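Asks: take this sequence and fold it.
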Amino acid sequence: MTVMLRQSLGMAALVACSAARAAAQTPQQPTASLELDAVRFYRSASTQTVVDGFGRVPFTLLDALTRGPDGVAAYRVTISVRDSANLELVNQSWTRTVPARMLSVARGSALEHFTFAAKPGTYVVELTVRDSASQRVTRQRVSLATYAAAPPVSDLLLATGMRPAGGADTALGSGELRKGGVIVEAADRPLLTPQQAQLGYYVERYSQMPETAAVSARIVRGDTTTVVKTAPQVVTFGSGGGIMRGMVDLTGLPPGEYAFEVIVKGHDTTVARRAPFRMGGMETVALTAPAAPADTFAQLSEAQLDTLYAPLVYVMTSDEMGIYSTLTVQGKRDFLRRFWAKRDPTPGTPLNEFQRDFYARIKEANRRFREGGAAEIPGWRTDRGRIFIKYGPPQEVMQRPQAGNTLPYEVWKYTRNRALKYVFLDQTQFGNYALIWTDDRREPSRPNWESLLGPEAVQDVERF
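Replies: Take a look at the predicted model:
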């Protein structure tokens, strides 16, 4: 069961703290080192703990890689997870870029998210950041105990935004993760401002039997001083528990360091979970005020606009479909402006990172996955191109050329954020690979994929 707790405190929206977004801290709070935190959720079916980790990278650790109006800084993130026997269970790496102008934002930072699942035990999580310009390396570690059994409730995950996970718009944006039936724009120690002051939360309740509980939230300053408290809501949970989530408006909260606390009072137990956040003053609004964005569509011809529009089917919502073809040239420009403005992870800045990354993947997919023959299919329209554009490059790839009666095939494996496989088979033997099986429920699989692949190849896929 999902529980929505909504409370108006007479108080408007928040500064998102997603990756590549400058998130200034309160002026009194110095920052020079990495921050590393984790939020834990229990999965009874596998007796595992799912860990969502968050690393905050201060821009003071970075130097500009290139300069000028379009200059960037870049860094490489590595996450390592080791068990109590020092066996490395997880090793993930990726590269991020930041507009060089962001480096001058006072105490700015970027948020990096990672996730993994682990059996009961104690683990050491290490975050390493290597600056591409200076090659300077910075590390942070945290010791983490996973759940030995189902806890009463999970840790508290704070969020700068939430939206339903249903419908056509299911692609994750920058800084987003899927939890239960919602897509959460997660934030580690989020910063609010007087103009942007909503804060969301997500908590899971675990119970063997149906129960009724009173759920409330409060804002705490210091160790014990309660400055805001919501009225308890009586909630009925089914067998297995449920989800508690909501947004709270905190406009008018004075600047300072706070904790957000969710309290669940059952028949004979009361459990509370707490996470920190910051409220900035008007000086924070000035520090984070962005420049006006540039218009990238003003000078494009209709043919160029149509070329940019065609691949948007991969990220488009149902209510956006069927409109573009009915518009004038100016209407098409306006459509594309609105389309990308809705998905801009850093609204108001000259660069829309999601738009840039999307078209960069289109270009790369066309280069790598174009299929020949009479059809001459561009790379972005192929199955491999579609998966590449929607989810990025896979963390692992297994390529198998033709051997005996087995046709050429590839297996793509994603291990970051989700564990998924995609199997592509070249039935034509001319490099035209089609998706025949995946454990991703959002993509189709062919019912006869095992017979198409052959028993030995199926075993190969299962072992990979």
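Asks: which non-adjacent residue is nearest L61?
Replies: Once flanking residues are discounted, L61 sits nearest to T138: 5.4 Å by CB to CB, 6 or more residues apart in numbering. Where you see a C-beta, it was placed from the backbone N, CA and C, and this is true even at glycine.
Asks: for whichever strand or helix holds the one you found, packing partners?
Replies: Element membership for T138, per DSSP states H and E: strand 137-145. Here strand 137-145 touches strand 35-43, strand 122-131, going by 3 or more CB pairs under 8 Å, 6 or more residues apart in numbering; DSSP states H and E.
Asks: can you list those strands in CSV and add mean pLDDT, mean neighbour count and distance to T236?
Replies: Formatted as CSV, those follow (pLDDT from 0 to 100; neighbours: other CB atoms under 10 Å; distance: least, CB to CB, whole Å):
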stretch, mean pLDDT, mean neighbour count, distance to T236
strand 35-43, 94, 19, 21
strand 122-131, 96, 18, 35
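Asks: so which of these gets nearest T60?
Replies: When the helices and strands packed on strand 137-145 are compared by CB to CB, strand 122-131 sits nearest T60, at 10.5 Å.
Asks: please tell me how far that closest one is from the chain's geometric centre.
Replies: From the chain centre to the centre of strand 122-131 is a distance of 19 Å (CA atoms, centre = their mean, to the nearest Å).
Asks: next: stretch 48-55.
Replies: Relative to the centre of its chain, stretch 48-55 is centred 13 Å away, using CA atoms, centre = their mean.
Asks: do the same with stretch 224-234
Replies: The chain centre lies 30 Å from the centre of stretch 224-234; the measure is CA atoms, centre = their mean.
Asks: what residues sit buried inside that stretch?
Replies: V228, T230, Q233 (16 or more other CB atoms under 10 Å).
Asks: grab the longest helix from the chain for me.
Replies: When the chain is scanned for its longest helix (criterion: DSSP state H), the result is helix 353-369.
Asks: got the contact list for that one?
Replies: Contact partners of helix 353-369, identified using CB atoms under 8 Å, 6 or more residues apart in numbering, comprise 20, 173-174, 296, 308, 311, 315, 340, 343-346, 378-380, 382, 384-385, 388-389, 392, 433.
Asks: using CSV, write down the CA coordinates of stretch 114-121.
Replies: The C-alpha trace of stretch 114-121 is given here as CSV (Å, rounded to 0.1, in the frame of the first residue of the first chain):
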residue,chain,number,x,y,z
PHE,A,114,24.9,4.5,-7.1
THR,A,115,23.1,1.4,-5.9
PHE,A,116,23.9,-2.2,-5.1
ALA,A,117,22.3,-5.2,-3.2
ALA,A,118,24.0,-7.2,-0.5
LYS,A,119,23.4,-10.1,1.9
PRO,A,120,23.5,-9.5,5.7
GLY,A,121,26.9,-8.3,6.8
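Asks: okay, buried residues for it please.
Replies: The neighbour-count check on stretch 114-121 (16+ other CB under 10 Å) flags F114, T115, F116, A118 as buried.
Asks: from those, pick the one nearest S44.
Replies: So of the buried residues of stretch 114-121, ranked by how close each gets to S44 (CB to CB), first place is A118, at 14.8 Å.
Asks: quick one: contacts for the nearest residue to the closest one once chain neighbours are set aside?
Replies: Using CB to CB, 6+ apart and skipping the chain neighbours, the partner closest in space to A118 is T146 (5.0 Å). By CB under 8 Å, 6+ apart, T146 lies in contact with R40, Q48, T49, V51, A118, K119, P120, G121, T122, Y123.
Asks: do that again at 10 Å, thanks
Replies: Listed by CB atoms under 10 Å, 6 or more residues apart in numbering, the contact partners of T146 are 38, 40, 42, 47-51, 83, 117-123.
Asks: which one among those gets closest to R96?
Replies: Relative to R96, the closest of those is A38; by CB to CB it sits at 19.6 Å.
Asks: what about the helices in the stretch 251-400 of the chain?
Replies: Listed in chain order, the helices of the stretch 251-400 of the chain (DSSP state H, counting those that start in this stretch) span 282-288, 302-309, 329-342, 353-369, 383-391.
Asks: return a ChimeraX selection command for the buried portion of the contacts of helix 353-369.
Replies: Restricted to buried positions by 16+ other CB under 10 Å, the ChimeraX selection for the contacts of helix 353-369 reads:
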select :20,173,174,296,308,311,315,340,343,344,345,346,378,379,380,382,384,385,388,389,433
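Asks: ranges for the strands of the stretch 1-150 of the chain?
Replies: 2-4, 35-43, 48-58, 72-82, 88-99, 109-118, 122-131, 137-145 (DSSP state E, counting those that start in this stretch).
Asks: roughly how far out does the third one sit from the chain middle?
Replies: The one in question is strand 48-58. 11 Å.
Asks: now that strand: mean pLDDT?
Replies: Averaged across strand 48-58, the pLDDT comes to 92.
Asks: please name the strands paired to that strand in the sheet, noting orientation.
Replies: strand 35-43 (antiparallel), strand 109-118 (antiparallel) (DSSP bridges).
Asks: now do the contacts for T66.
Replies: Here T66 is in contact with V72, A73, A74, T97, A100, A133 (CB under 10 Å, 6+ apart).
Asks: out of those, which two are the most distant from each other?
Replies: Checked with CB to CB, the contacts of T66 reach their widest spread between T97 and A133, with 11.4 Å between them.
Asks: comparing those two, which shows the higher neighbour count?
Replies: Legend: neighbour count by other CB atoms under 10 Å for T97 and A133, higher for T97 (18 against 15).
Asks: beta partners for the closest residue to M247 other than its chain neighbours?
Replies: The shortest distance from M247 to any non-neighbouring residue, by CB to CB, 6+ apart, is to G200 (4.6 Å). Following DSSP bridges, G200 is listed with bridge partners A159, M247.
Asks: again, but for R400
Replies: Residues in a beta bridge with R400, per DSSP bridges, are Y409.
Asks: from L300, how far off is it?
Replies: As judged by CB to CB, to the nearest Å, R400 and L300 stand 42 Å apart.
Asks: ok, now P276?
Replies: On the measure of CB to CB, P276 and L300 end up 46 Å apart.
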